[in-house]
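Participant: following is a predicted model, sequence given first.
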Amino acid sequence: MSEFRVTGFDHIVLCVRDVAVTRAFYERVLGMTAREERPAKYSLHFGANKVSLQDAAASPGIARDTVPGSGNFCLLSDTPIADWRLHLAEQGVDVIDSGLRDGATGTIDSLYFHDPDGNLVEVSNMVERR
């Protein structure tokens, strides 16, 4: 029997109410770059990663059960969490939780906030690798 393995993420998709508002938030707050992949289809880019934006009003049949605000994901950063806390406050974004967590490859120091649709966004620093 052959071995099947997943090797990583290519992208995630967020279902959103207003693509323009979401693009502006992620560009302003997290420094991501928005790209129009095809007419009216946008994605957000950072490093080698991509977040595709799915307009809730125009969801394709395959994604008909996804809803705005159901996302929950973690982003890694080299910027200290204390600096992120100050930046988010300056941007009017409330931090709703923070602390040490068990990440995919070790201990991370995280803070959590919501985007305009209510998706839970976690920004983390690697503290100790396993």
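Facilitator: Thanks, I have it.
Participant: per-residue confidence at residue 1?
Facilitator: For residue 1, the pLDDT comes out at 59.
Participant: okay, and residue 93 sits in which element?
Facilitator: Under the criterion DSSP states H and E, no helix or strand holds residue 93.
Participant: hey, where'd the strands end up in the protein?
Facilitator: Using DSSP state E, the strands of the chain run over 12-16, 33-38, 41-46, 49-55, 72-76, 97-102, 106-114, 120-129.
Participant: buried stuff in the fifth one?
Facilitator: Neighbour counts using 16 or more other Cβ atoms under 10 Å place residue 76 of strand 72-76 among the buried residues. (C-beta placed from N, C-alpha, C; glycine too.)
Participant: how about the last one?
Facilitator: By 16+ other Cβ under 10 Å, the buried positions in strand 120-129 come out as 120-125.
Participant: as a markdown table, these with pLDDT and distance to residue 7 would be great.
Facilitator: Shown next, in a markdown table, are the buried residues of strand 120-129 (pLDDT from 0 to 100; distance: Cβ to Cβ, whole Å):
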| residue | pLDDT | distance to residue 7 |
| --- | --- | --- |
| 120 | 97 | 26 |
| 121 | 97 | 25 |
| 122 | 97 | 23 |
| 123 | 97 | 24 |
| 124 | 96 | 22 |
| 125 | 96 | 24 |
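Participant: from these, which two are the most distant?
Facilitator: Spanning the widest gap among those are 120 and 125, at 17.8 Å by Cβ to Cβ.
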